[in-house]
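Trainee: Sequence and predicted structure, then a few things I'm wondering about:
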Amino acid sequence: MQEAAFRASQLAARYELWETTSEALAARIAALRALPDILGANVTIPHKTGVLPFLDAATPESLYFTQAVNTITLEAAPAGIRLIGHNTDVPALQRVLREEHAWSAGKRLTVLGTGGAARAAVAVALLEGADPWIVARRPASGRNLLAAFAPHWQHSPGRQPTDDLEERVVDLANTEALAAVLEGTSVLIQATPIGTGSRAASPLPLRLLKQLPPDAFVFDMVYNPPVTALIEAALAFGLRASGGLPMLLYQGAAAFTLWTGLPAPLDQMRAALRQ
């Protein structure tokens, strides 16, 4: 996708994958300052939150709101190169859900997972005035996630200061409670890596999708394969559903513009993703 954008914009640049362990993350980020002609970098699972201490600054939406970064830009300064963190997942997900006419204010958005992608989903829920709920294998992680949003919760449209955040976390193993939450869910967002590279893996028992209202929208952030087991099952139940390719496109386009200052060639980027 980014290579296609560089070609379409006539930029002599390339996009490389650098596999990085948690132990090597600090050294990897530090190396960005020393390498010549670097436009920037992307950060993905599992480093979206862990990368923050190694940056010089972060934009408000990534530092104070989501506490997660997926894009890094470089900024020249008298003391050397500064690394700035951004989160393009948030505007990308907003765009996808708006294009799908996925909700109106006050509707429930249920998120599967508690990582950096889940943080982006909760941020979008609050920005759009939706009602965020978390489904997690470790409920304590879900409670911590929502607690991190407490300073922003009261300023979300229609939100009441007395809302109990802890009651909005459901244990994935409690299928009865999960079914009850899904009955009132307008948007279900799958924000874990489960299903990546597999057409069989699912983050929850697929039969539970029958509990969703008939007009609910299911969005799986996983983009490889383009149609996951979750999406296939949702469509089979007559629900609206989409895999993660649209979000991948829009967050990548935002990153391209941050790195280059140029408008992203969306048509070429979309065509590259579909190949």
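Mentor: On my side now, so go ahead. Numbering: from 1, shown residues only.
Trainee: in the stretch 101-250 of the chain, which spans are helices?
Mentor: 116-128, 139-148, 150-153, 175-183, 229-236, 245-260 (DSSP state H, counting those that start in this stretch).
Trainee: Figure out which of the ones you listed is closest to Gln10.
Mentor: Proximity to Gln10 (Cβ to Cβ) singles out helix 245-260 among the helices of the stretch 101-250 of the chain, at 11.0 Å. The way it works is simple: take the backbone N, C-alpha and C, and place the C-beta from them, glycine included.
Trainee: who does the closest one touch, helix- and strand-wise?
Mentor: helix 2-8, strand 40-42, strand 71-77, strand 80-86, helix 89-99, helix 266-274 (3 or more Cβ pairs under 8 Å, 6 or more residues apart in numbering; DSSP states H and E).
Trainee: contact partners of it?
Mentor: 1-2, 5, 9, 11, 39-40, 42, 70-71, 73, 86, 88-89, 91-93, 95-96, 99, 219, 221, 223, 226, 262-264, 266, 269-270, 273-274 (Cβ atoms under 8 Å, 6 or more residues apart in numbering).
Trainee: Which members of those are classed as buried?
Mentor: Those of these that meet the buried threshold are 1-2, 5, 39-40, 42, 70-71, 73, 86, 88-89, 91-93, 95-96, 219, 221, 223, 264, 269-270, 273, by 16 or more other Cβ atoms under 10 Å.
Trainee: Ala58 and Gly85 touch, don't they?
Mentor: Yes - Ala58 is within contact range of Gly85, at 3.7 Å (criterion: Cβ atoms under 8 Å).
Trainee: more crowded one of the two?
Mentor: Using other Cβ atoms under 10 Å as the criterion, Ala58 and Gly85 rank with Gly85 on top: 24 against 21.
Trainee: Output the helices of the stretch 101-250 of the chain in CSV, with distance to Trp103 and mean pLDDT appended to each entry.
Mentor: As requested, those are arranged in CSV below (distance: least, Cβ to Cβ, whole Å; pLDDT from 0 to 100):
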stretch, distance to Trp103, mean pLDDT
helix 116-128, 7, 89
helix 139-148, 19, 90
helix 150-153, 18, 69
helix 175-183, 15, 97
helix 229-236, 16, 98
helix 245-260, 16, 97
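Trainee: Nearest to Trp18, out of the helices and strands packed on helix 245-260?
Mentor: Among the helices and strands packed on helix 245-260, the nearest to Trp18 by Cβ to Cβ is strand 40-42 (8.1 Å).
Trainee: average pLDDT for the closest one?
Mentor: Averaging pLDDT along strand 40-42 yields 96.
Trainee: is it true that Ile231 touches Met221?
Mentor: No - the criterion here is Cβ under 8 Å, and Ile231 misses it with Met221 at 10.9 Å.
Trainee: Shouldn't Thr49 be within a strand?
Mentor: No - Thr49 is assigned coil when assessed by DSSP: H, G, I helix; E, B strand; the rest coil, not a strand.
Trainee: could you check the distance from the closest residue to Ala76 other than its chain neighbours over to Arg33?
Mentor: Among residues not flanking Ala76 along the chain, Arg82 sits closest, at 7.7 Å (Cβ to Cβ, 6 or more residues apart in numbering). According to Cβ to Cβ, to the nearest Å, Arg82 stands 9 Å off from Arg33.
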